[in-house]
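Asks: Need coordinates for the below:
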Amino acid sequence: MEAIVLGGAPNSGPIRAIDDTPYEAGIKINDRPMIEFILDVLEAMDEIETTAVVIPEGIIEQGKWPKVKLLPPGVTVIDSLLQAVTALQPKEHVLVLASDIPLITKEALRDFLASCSRRQAAIYYSFVPKPVVEEKYPGVKRTYVQLKDAIVTGGNVLLIEPQAIITHHQRLRQAFALRKHPVKLCQLLGFRFLFKLLCGQLEVGEIEARVEEILNLKGAGIVSLYPEIGVDVDKPSDLELVRSILAAN
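Replies: Numbering: from 1, shown residues only. Purely as a prediction, here's the structure:
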């Protein structure tokens, strides 16, 4: 299958105070751009034939990874995603990753893909239970949501049909813009879902059914027991954590 890594986001958040690299993908971890750790993993996976990396020029070296195809970013993340799909012309589901998950591993991605293969859906989105994150990375700060059966954080990996991206890109824009705000994101699904979320009674199956109802698109929520999928780098404390972990490897 093909993969897409989205690396065009400007470094305009809290990390800017300690690393003034213009783009998030280029933030240094042990003297390497953060995105390189992700590309190393994808390059080593036989399952991945081509990786489209949507990234500004000059951050990573052209030709360093044989499977990588570099593309300039669009105005927004969803524009970049559309450009990558157009360039790759994938015939099957495409694996999409954020550029700020340098702790990601082959094992985590293979487990996610294996879980996806057991269900039929157009889009598979990942989430990780809070105890799983805190057991491996105690003290790390994530955005969590209380569902009926678990407290979870959203993952930074999804598997999606190319046509779903093209057809539903406007809804994807809305969802991406609200990804760090679970309450507002849930409002897209309707008041009843927002109420159940606030009461801690919302179930994953209800979200899947509502997504299918709104978009005529079957979605599947995939539980991952690999916290690397849910731990991204968007705060100075996150950067310190991944630098210390990857320095030891």
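Asks: For E43, grab the count of nearby residues.
Replies: Residues near E43, counting by other C-beta atoms under 10 Å, number 14. For glycine as for every other residue, the C-beta is placed from the backbone atoms N, C-alpha and C.
Asks: How about the contacts made by the nearest residue to it once chain neighbours are set aside?
Replies: By the measure of C-beta to C-beta, 6 or more residues apart in numbering, the closest residue to E43 outside its immediate chain neighbours is W65, 4.7 Å from it. Applying C-beta atoms under 8 Å, 6 or more residues apart in numbering, we find W65 in contact with L39, D40, L42, E43, T51.
Asks: Spell out the secondary structure type for W65.
Replies: coil (DSSP: H, G, I helix; E, B strand; the rest coil).
Asks: picking up where we left off before, which pair in the contacts of W65 spans the largest distance?
Replies: D40 and T51 (10.9 Å; C-beta to C-beta).
Asks: Who has more neighbours out of those two?
Replies: T51 (24 against 15).
Asks: Double-check that that one belongs to a helix.
Replies: No: using three-state DSSP, the assignment for T51 is strand, not a helix.
Asks: separation between it and I160?
Replies: T51 sits 15 Å away from I160, going by C-beta to C-beta, to the nearest Å.
Asks: where in the protein is pLDDT low?
Replies: Applying pLDDT under 70 to the chain flags the ranges 169, 171-203, 207, 210-211, 213-215, 248-249.
Asks: got the domain boundaries for it?
Replies: Annotated domains of the chain cover 1-102, 106-153+161-232 [automatic domain parsing].
Asks: wait, which of those is closest to E240?
Replies: With C-beta to C-beta, the closest approach to E240 among the domains of the chain belongs to domain 1-102: 8.8 Å.
Asks: rewinding a little: take the contacts of W65 and keep only those in strands.
Replies: Residues of these located in strands (DSSP state E): T51.
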